[in-house]
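Visitor: I'd like to go over a predicted model; first the sequence, then the structure.
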Amino acid sequence: MSFRGGGGGGAHKRRRTGPGGAPKQQHPDGTHIQHPFVAETTDHCETPDQAYKDIAPILEQLAISMGKTKETIKIYDPYFCAGSVKKRLGDEGFPNVYNECEDFYKCIKDGTTPEFDVLLTNPPYSTKPFDHIERLMTFCYDTGKPYLILQPCYVYCKDYWAACLLKRKSGNEAKPFYVTPSMRYTYRTPTGLRDVKAGALSTSPFVTFWFCEGGEHRDAIVKWWCEQGKTICPGCCLRLNPKALPRKFKDSHDDTRPRLRKKQREALKRREAKAAGLDPNRRMKRKKGPRKFNRGDAPHRKK
Ligand SMILES: C[S@@+](CC[C@H](N)C(=O)[O-])C[C@H]1O[C@@H](n2cnc3c(N)ncnc32)[C@H](O)[C@@H]1O
């Protein structure tokens, strides 16, 4: 994922790691990681523990519906950060995980991606020239396997998402569903993978949630969700259509996102500031000095 805002830029310099980038990165356990691919340093961050906890019961239901167990379901996470995925999914009771330090796109090209039952990942969010999410969605469409992908809310407004939901040549229809958390997820970069001050290693640049494809197992998962899942995953929502997502998980480009009234917007800002540990009544002060433009004269305003 990328910590740059939608328009790029941001406070941190863009750097790349891997071949042709920085030589090696320090792994939290003291060893060094040499990624065999070029990556934006802003993409180095791991799936939050809470996100694994939220999706684990759904993953278990998927395993049951496939006639497997938590121990036997084969999970593939194609994106490698610092290698904690296996341990953290193992802690949730899923030991059969493939997450290796290798170039996912080279594996696709060489036809060496592993056998798997479900793809579960949090991809890097960098766009040009990498276009990770788009490439991942193409891979998912081509394989037609179930997936659980943690990615930004804007994805459901993209053409590549619509393309991923088209009927496959085999005649199989996509059966997506979406799982939102109770609280916006915050991401951490493993120590040593970005040369920024410790404070900037934890951030939440986008609203993210789980984009899932259940295929023939979706109906069983939805049935389980209605009967028990809701109580097992308190605060999480499962929706079959992005139109039905809770407002705070809808993308700002989504026409179905209700516009808030002024008072509601202010209350929302206060709630968000409070959740982020800031003073909810803080007001942004305008810098002293003459205004650059008189109201209405700014060049971007239409005459
Ligand atoms: C957002 S992190 C998530 C890593 C892991 N899936 C997790 O959940 O902890 C994305 C990672 O993808 C890795 N990445 C970038 N390009 C890659 C590629 N071509 N093949 C495999 N991994 C790649 C980067 O090293 C980055 O740390």
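Guide: Looks like it arrived, so ask away.
Visitor: For the rest of this, base every contact and every neighbour count on C-alpha atoms.
Guide: Fine.
Visitor: Specify the local secondary structure of Leu166.
Guide: Leu166 carries the three-state label coil when classified by DSSP: H, G, I helix; E, B strand; the rest coil.
Visitor: Arg88 too?
Guide: helix.
Visitor: for it, what are its contacts?
Guide: Each residue near Arg88 by Cα atoms under 8 Å, 6 or more residues apart in numbering is listed here: 49, 52.
Visitor: at 6 Å what do you get?
Guide: Arg88 makes contact with no residue under the criterion Cα atoms under 6 Å, 6 or more residues apart in numbering.
Visitor: Would you mind measuring from it to the ligand?
Guide: Distance of Arg88 to the ligand, given as Cα to the nearest ligand atom, to the nearest Å: 9 Å.
Visitor: pLDDT wise, what is that residue at?
Guide: Model confidence at Arg88, expressed as pLDDT, equals 95.
Visitor: now swap in Lys128 and tell me
Guide: The per-residue pLDDT reported for Lys128 equals 85.
Visitor: Just the element for it, please.
Guide: Element membership for Lys128 (DSSP states H and E) is empty, with no helix or strand holding it.
Visitor: That one: neighbouring residues, count only.
Guide: Other residues within reach of Lys128 by the criterion other Cα atoms under 10 Å amount to 7.
Visitor: Tell me the backbone dihedrals of it, please.
Guide: For Lys128, the backbone dihedrals (degrees, to the nearest 10) come out as phi -60, psi 140.
Visitor: ditto for Cys107
Guide: Per-residue torsions, Cys107: phi -60, psi -40 (degrees, to the nearest 10).
Visitor: what are the ranges of the strands in the stretch 151-300 of the chain?
Guide: If DSSP state E, counting those that start in this stretch is used as the criterion, the strands of the stretch 151-300 of the chain fall at 176-180, 187-188, 202-203, 208-213, 237-239.
Visitor: What mean pLDDT does the second one get?
Guide: Think strand 187-188. Here the mean pLDDT over strand 187-188 is 88, rounded to a whole number.
Visitor: Which elements pack onto it?
Guide: The elements that strand 187-188 packs onto, with contact taken as 3 or more Cα pairs under 6 Å, 6 or more residues apart in numbering; DSSP states H and E, are strand 202-203.
Visitor: Could you list the low-confidence segments of this protein?
Guide: 1-18, 20-31, 194-200, 276, 282-288, 290-303 (pLDDT under 70).
Visitor: Return the residues of it in contact with the ligand.
Guide: 1, 37, 39, 43-47, 77-81, 85, 102-105, 121-124 (Cα under 6 Å from any ligand atom).
Visitor: Just the buried ones from the residues you listed?
Guide: Applying 16 or more other Cα atoms under 10 Å to the residues of the chain next to the ligand, the neighbour count classes 1, 37, 39, 43-47, 77-81, 85, 104-105, 121-124 as buried.
Visitor: how close does Glu91 get to Val97?
Guide: Check again: residue 91 is Asp, not Glu. The spacing between Asp91 and Val97, counted by Cα to Cα, to the nearest Å, is 12 Å.
Visitor: neighbour-wise, which of these two wins?
Guide: Neighbour count, other Cα under 10 Å: between Asp91 and Val97, Val97 has more, with 22 against 13.
Visitor: Can you tell me how far the more buried one is from Asp117?
Guide: The spacing between Val97 and Asp117, counted by Cα to Cα, is 10 Å.
Visitor: Equivalent analysis for Leu166, please.
Guide: Relative to Asp117, Leu166 is positioned 21 Å away (criterion: Cα to Cα).
Visitor: In terms of neighbours, single out the busier of these two.
Guide: The residue with more neighbours, out of Leu166 and Asp117 and counting by other Cα under 10 Å, is Asp117; that gives 18 against 13.
Visitor: Kindly provide the distance from that one to Thr231.
Guide: 26 Å.
Visitor: Ok, Glu60 next?
Guide: Taken as Cα to Cα, the spacing of Glu60 relative to Thr231 amounts to 15 Å.
Visitor: the more surrounded of these two?
Guide: Between Glu60 and Thr231, counting by other Cα under 10 Å, Glu60 is the more crowded of the two (20 against 11).
Visitor: Which residues are in contact with that one?
Guide: Taking Cα under 6 Å, 6+ apart, we find Glu60 in contact with Lys70.
Visitor: How about the one 3 residues further on?
Guide: The neighbourhood of Ala63, defined by Cα under 6 Å, 6+ apart, consists of 69, 73.
Visitor: What strand or helix carries it?
Guide: Under the assignment here (DSSP H and E), Ala63 is part of helix 49-65.
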